[in-house]
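Q: I would like the atomic coordinates for the input below:
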Amino acid sequence: MADIFSTHSIDVAAPAAGAFTITPNDGAIFDQPTRALYVGAGGSLAVEMLWGGAVTFENVPAGAIVPVRALRVLSGTTAGFIVGLY
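A: Take a look at the predicted model:
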């Protein structure tokens, strides 16, 4: 099937076109910074942001999409089944 939007420019507000599963790891930087993170099992979500600094989002519910540009999900994360969207 042809992508009818293939001639449109892609910006960070556009829907995600790719995804990857994430295992929290303090040493692993993503090949591609995220546009958002999907959280399949609720909990805390500790991330290193694209422009620096780390932050923990507390009480993220299952099924949430957190719109952050992240470089990695840190091992202090208790949320699970995390998917990076880009």
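
Q: Which per-residue confidence value corresponds to residue 23?
A: Each residue has a pLDDT score; the one for residue 23 is 97.

Q: Now do the same contact list for the residue nearest to the spatial centre of the chain.
A: For the chain, the residue sitting closest to the mean C-alpha position, by Cα atoms, centre = their mean, is residue 37 at 2.7 Å. In this structure, residue 37 makes contact with 22, 45, 47, 65, 66, 68, 70, 73, 82, 83, 84, 85, judged by Cβ atoms under 8 Å, 6 or more residues apart in numbering. In short, each C-beta sits where N, CA and C put it, glycine included.

Q: try 7 Å
A: Counting by Cβ atoms under 7 Å, 6 or more residues apart in numbering, residue 37 makes contact with 45, 66, 68, 70, 82, 84.

Q: what's the answer for residue 71, then?
A: 29, 30, 33, 48, 50.

Q: Going by neighbour count, which of those are buried?
A: 30, 33, 48 (16 or more other Cβ atoms under 10 Å).

Q: export stretch 75-86 as CSV, just CAs?
A: Taking Å, rounded to 0.1, in the frame of the first residue of the first chain, the C-alpha atoms of stretch 75-86 are listed here in CSV:
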residue,chain,number,x,y,z
SER,A,75,16.7,1.9,35.6
GLY,A,76,14.8,3.6,38.4
THR,A,77,11.7,3.2,36.3
THR,A,78,8.9,1.0,37.8
ALA,A,79,6.5,1.3,34.8
GLY,A,80,6.6,-1.6,32.3
PHE,A,81,6.0,-2.6,28.8
ILE,A,82,7.4,0.7,27.5
VAL,A,83,7.5,1.5,23.8
GLY,A,84,9.5,4.4,22.3
LEU,A,85,7.6,6.2,19.5
TYR,A,86,9.4,8.3,16.9
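
Q: Wait, residue 42 touches residue 60, no?
A: Yes. Distance between residue 42 and residue 60: 5.8 Å, which falls inside the contact criterion (Cβ atoms under 7 Å).
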